[in-house]
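1. quick one, fold the following:
(one chain, ligands or ions: 2)
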Amino acid sequence: MSIKEYFASLFKGFYSLLKGMAVTGRELVTPKVTEQYPENRATLHIPERFRATLQFVYDDEGNHKCTACRTCERNCPNGTISITTRMVDLPNGKKKQKLDKYIYDLGSCTFCNLCVTSCPFHAIEFSNDFEQAVFQRKSLVKQLNYLPEKEEPAPAAQPAASAPAPAAVKAGDTEKTETQENKE
Ligand code: SF4
Ligand code: SF4
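-> Ligands and ions are numbered 1, 2, ... in the order given. The predicted model follows:
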């Protein structure tokens with residue numbers, strides 16, 4: 001290596017060092033963008049459509065709309081949903097299939113949303129509650145119908161049998177009666 005090449009290489013190294021230091025210096029005065037989680041939990045914005053975990057749609061009275069039709073279970077591509085049912089006796093003497101347990105395994109869910117879009121009763125939805133970290137794998141398996149089931153409503157009371165209406169008097173009968181009275 002000649003002296004000229006030596007100094008050229010030295011200059012290139014020094015220039016490279018300065019270039020790197022310029023980037024570091026610029027970042028030193030740039031405002032921070034680091035999210036202070038979980039301290040900012042109260043003000044954190046999670047997009048409404050973010051799919052964090054599946055849940056039942058419950059109304060204000062704690063009723064859900066799942067009929068245990070199993071459409072979502074059949075449409076789930078990786079067996080994340082498992083539904084068990086039971087037969088219940090209705091007050092009118094008939095039997096009806098009801099949901100027993102709706103089991104969802106968050107650990108195997110790919111968040112494809114096929115279950116939600118295929119449900120004919122809009123009974124399930126995705127929550128955007130992203131804090132789903134747990135210490136044990138089994139804690140990711142959840143029963144979605146966690147509220148107690150409501151009893152079947154009693155059948156509406158039948159109206160009491162009314163007394164038979166008096167037979168209508170035909171016009172001919174009236175004439176006949178009047179004629180008989182005249183004869184008498
Ligand atoms: S969530 Fe919907 S599709 Fe799934 S079993 Fe219930 S009613 Fe059927
Ligand atoms: S989002 Fe997809 S993978 Fe997850 S439970 Fe629904 S159908 Fe299955």
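2. now the helix ranked longest in the chain: mean pLDDT?
-> In terms of residue count, the longest helix belonging to the chain (DSSP state H) is helix 3-29. Throughout helix 3-29, pLDDT has a mean value of 93.
3. in that helix, what's buried?
-> Residues of helix 3-29 classed as buried: none (neighbour count, 16 or more other C-beta atoms under 10 Å). Backbone N, C-alpha and C define where each C-beta goes, glycine included.
4. and if you look at stretch 91-108?
-> Buried, per 16+ other C-beta under 10 Å, within stretch 91-108: 99, 102, 104, 105, 106.
5. the second one contacts residue 56, doesn't it?
-> Spelled out, that is residue 102. Yes - using C-beta atoms under 8 Å, residue 102 makes contact with residue 56 at a distance of 7.2 Å.
6. who touches stretch 95-106?
-> 53-54, 56, 66-68, 80-90, 132, 140-145, 149, 152 (C-beta atoms under 8 Å, 6 or more residues apart in numbering).
7. go again with 6 Å.
-> 53-54, 66, 68, 80-88, 90, 140-145 (C-beta atoms under 6 Å, 6 or more residues apart in numbering).
8. for the protein, which residues are neighbours of ligand 1?
-> 66, 67, 68, 69, 70, 71, 72, 83, 119, 121, 123, 124 (C-beta under 6 Å from any ligand atom).
9. redo the residues you listed as TSV? Include secondary structure, pLDDT and distance to residue 30.
-> Shown next, in TSV, are the residues of the chain next to ligand 1 (DSSP: H, G, I helix; E, B strand; the rest coil; pLDDT from 0 to 100; distance: C-beta to C-beta, whole Å):
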residue	secondary structure	pLDDT	distance to residue 30
66	coil	96	51
67	coil	94	56
68	coil	95	56
69	coil	96	55
70	coil	97	54
71	helix	97	52
72	helix	98	47
83	strand	97	53
119	coil	98	47
121	coil	97	51
123	coil	97	48
124	strand	98	44
